[in-house]
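>>> Following is a predicted model, sequence given first.
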Amino acid sequence: MGQKTVGIIVGSIRKDSYNKKIADYLIKNTPEGYIFKIIEIGNLVLYNQDYDDADQPESYSSFREEVKSSDGIIFVTPEHNRSFPAALKNALDVGSRPYGHSVWSNKPAMVISSSISSISGFGAAHHLRQVLSFLGMPVLPQPEVYLADVQYLFDDKNRLIKEETADFLLHALVAYIDFAERFIK
């Protein structure tokens with residue numbers, strides 16, 4: 001079998017997102033036999049069911065195709081008000097519609113959450129896991145990845161400088177690949 005593709009969806013659409021830096025670190029450490037790529041969500045028009053019955057925005061079509069062509073998905077998200085960001089919820093909704101045509105089903109997932117506090121995105125991760133379960137995505141159960149004080153993890157050149165965090169992310173990545181292999185055909 002050829003290389004497998006894992007899409008990385010970053011919940012933050014902020015230009016200097018810490019979560020994008022985490023995603024970039026994962027991409028730099030892509031395991032052999034895999035291609036990791038970021039699937040953009042910032043350009044998605046707010047989901048409206050009317051688009052299911054009429055001409056849908058081009059951003060919907062290209063997003064759905066990118067997810068559909070991915071063998072697995074890694075979500076890297078901040079916490080907004082004890083949940084995950086609206087842009088990520090919109091992407092999940094866009095990918096799950098029209099009804100009966102979800103692009104999420106059976107895609108093995110991993111959730112990485114972060115925050116600039118010591119709470120580390122716990123609420124975001126658990127809300128996201130609940131939605132992913134409903135969407136039929138098997139989610140890596142362990143290790144759970146919560147990154148606290150994310151603003152201190154990178155230097156001014158966006159390099160991950162906390163060795164224990166780097167080691168933990170690599171350990172989680174290996175666990176995800178082992179988990180995902182059970183579902184990727």
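On my side now, so go ahead. Numbers count the residues shown, from 1 in each chain.

>>> Spatially central residue for the protein, please.
F75 (1.6 Å; Cα atoms, centre = their mean).

>>> farthest residue from the center of this structure?
Distance-from-mean max, the chain, by Cα atoms, centre = their mean: A54 at 28.5 Å.

>>> quick one: contacts of the host helix or strand of D178?
In this structure, D178 sits in helix 163-180 according to DSSP states H and E. For helix 163-180, the surrounding residues in contact (Cβ atoms under 8 Å, 6 or more residues apart in numbering) are 6, 22, 25-26, 29, 31, 34, 71-72, 74, 108, 110, 112, 138, 140, 142-143, 145, 147, 153, 160. For every residue, glycine as well, the C-beta is placed using N, CA and C.

>>> rewinding a little: contacts only, for the residue nearest to the centre of the chain.
Contact analysis of F75 by Cβ under 8 Å, 6+ apart lists 8-9, 11, 88, 109-112, 128, 132.

>>> Each with direction, which strands does whichever helix or strand it is part of pair with?
Using DSSP H and E, F75 falls within strand 72-78. Here strand 72-78 is paired, per DSSP bridges, with strand 4-10 (parallel), strand 109-114 (parallel).

>>> In this protein, what helix or strand scores lowest on average pLDDT?
Across the helices and strands of the chain, mean pLDDT, DSSP states H and E gives its lowest value to helix 50-53, namely a mean of 87.

>>> For it, could you pull out the residues that count as buried?
Using 16 or more other Cβ atoms under 10 Å as the test for burial, helix 50-53 gives Y51.

>>> Tell me how far it lies from the chain's centre.
26 Å (Cα atoms, centre = their mean, to the nearest Å).

>>> Put the alpha carbons of it into PDB.
These are the backbone C-alpha positions of helix 50-53, laid out as PDB (Å, rounded to 0.1, in the frame of the first residue of the first chain):
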ATOM      1  CA  ASP A  50     -30.000  25.800   2.400                       C
ATOM      2  CA  TYR A  51     -26.700  25.000   0.600                       C
ATOM      3  CA  ASP A  52     -27.600  21.300   0.700                       C
ATOM      4  CA  ASP A  53     -30.400  21.900  -1.700                       C
END
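
>>> which stretches of this protein form helices?
Per DSSP state H, the chain carries helices over the ranges 18-28, 50-53, 58-68, 86-96, 122-134, 163-180.

>>> Quick one: closest of these to I116.
helix 18-28 (7.7 Å; Cβ to Cβ).
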